[in-house]
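Novice: need coordinates for the below:
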Amino acid sequence: MQIATVGVIGAGQMGNGIAHVFALSGYDVLLTDVNTDALHRARDLIEKNLARQVTREKITESDKDAALARISTTQTLADLGGTDLVIEAATERETVKTAIFEDLVPHLKPETILTSNTSSISITRLASRTDRPEKFMGFHFMNPVPVMQLVELIRGIATDRETYDALLAVVESLGKTAASAEDFPAFIVNRILMPMINEAVYTLYEGVGSVISIDTAMKLGTNHPMGPLELADFIGLDTCLAIMNVLHDGLADTKYRPCPLLTKYVEAGWLGRKSGRGFYDYRGDTPVPTR
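Specialist: Alright, predicted model coming up:
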């Protein structure tokens, strides 16, 4: 399968990063979102991040200009119908994702590969809501996409070998590394990472340590670059909670029960960096713990 054009659905944190790396690797990218402001913000952020790469001598000024020229935006989902590969990077809610696929599928070319950047939802179940389960895969990039080297490739029960090989070649063309995961809740990375974050929240909830103590202990005691609560804020507490709920529901094991404090923060709208408050308050010059 020859892939030259890529459609990206969702201009948020993941979508703009995916558009960035594909455009920089020579693909023509069509980025879509229902929100015009989100598309403008994504375009500005991509330009800012490319400029940072120029400053750090990772790429040249001409590389930056060429990448930006390859990115187009649209609010019309049907415009993605002519692309060779579609990557859905919308919010981590299954109802939202399935609605997108049902709207998009009638406009796709028969040969178009359809993927989801979901970090936890069943690929087999998502694929069943389309007309091409054999050409559907999980294509899970890590955040921030321009920096992180890993891409999880997840096959549904019907995914064919040709589709897997095509996406493996795409990952290699991006200069990234693929890890194959089976279609079980949260796959590999989040199956391991999210329970650790959830346990860190329980440690805070039970008063074992403060936000600073927990993050400092994990950074200096286990050589993690970020503490688990700082990382949760970076990911988004709503995303962490959604993945824990998928694990709890999908595996029916109480060890995956989301911490009540995590639920309370999400109910309060304290979602981390993107909302200005989470386990840290980001509204000042320096992040300050909220507990």
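Novice: show me the contacts for Asn223.
Specialist: Under the criterion of C-beta atoms under 8 Å, 6 or more residues apart in numbering, Asn223 has no neighbours. From N, CA and C alone the C-beta is placed, and that goes for glycine too.
Novice: what bits of this protein have low per-residue confidence?
Specialist: For the chain, no stretch is flagged by pLDDT under 70.
Novice: and the helices in it?
Specialist: 13-24, 36-55, 61-69, 94-104, 123-127, 161-173, 189-205, 211-222, 228-235, 237-251, 260-267 (DSSP state H).
Novice: please name every helix or strand in contact with the fifth one.
Specialist: In this case it means helix 123-127. For helix 123-127, the helices and strands in contact under the criterion 3 or more C-beta pairs under 8 Å, 6 or more residues apart in numbering; DSSP states H and E are helix 94-104, strand 136-141.
Novice: chain center to it, what's the gap?
Specialist: The chain centroid and the centroid of helix 123-127 are separated by 17 Å, computed with C-alpha atoms, centre = their mean, to the nearest Å.
Novice: buried set for it?
Specialist: 123-124, 126-127 (16 or more other C-beta atoms under 10 Å).
Novice: in those residues, find the pair that's most separated.
Specialist: Thr124 and Leu126 (7.5 Å; C-beta to C-beta).
Novice: so what sits against both of these two?
Specialist: With C-beta under 8 Å, 6+ apart as the test, Thr124 and Leu126 both reach Gly156.
Novice: coming back round to it: so for Arg283, which of the helices of the chain sits nearest?
Specialist: Evaluated with C-beta to C-beta, these place helix 228-235 nearest to Arg283, the distance being 12.8 Å.
Novice: for that closest one, packing partners?
Specialist: Looks like helix 228-235 contacts helix 189-205, helix 211-222, strand 280-281 (3+ C-beta pairs under 8 Å, 6+ apart).
Novice: now mean neighbour count too, for the helices and strands packed on helix 123-127, in JSON lines please.
Specialist: Shown next, in JSON lines, are the helices and strands packed on helix 123-127 (neighbours: other C-beta atoms under 10 Å):
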{"stretch": "helix 94-104", "mean neighbour count": "16"}
{"stretch": "strand 136-141", "mean neighbour count": "26"}
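Novice: got the buried residues for stretch 160-175?
Specialist: Under 16+ other C-beta under 10 Å, the buried positions of stretch 160-175 are 163-164, 166-167, 170-171, 174.
Novice: same question, stretch 189-208
Specialist: Going by 16+ other C-beta under 10 Å, stretch 189-208 has these buried residues: 189-191, 193-195, 197-198, 200-204.
Novice: got TSV for these, with distance to Ile157 too?
Specialist: Formatted as TSV, the buried residues of stretch 189-208 follow (distance: C-beta to C-beta, whole Å):
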residue	distance to Ile157
Val189	21
Asn190	20
Arg191	19
Leu193	25
Met194	24
Pro195	25
Ile197	29
Asn198	28
Ala200	34
Val201	34
Tyr202	34
Thr203	38
Leu204	39
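Novice: wait, which of those is closest to Gly269?
Specialist: Using C-beta to C-beta, the buried residues of stretch 189-208 come closest to Gly269 at Val201, 16.8 Å.
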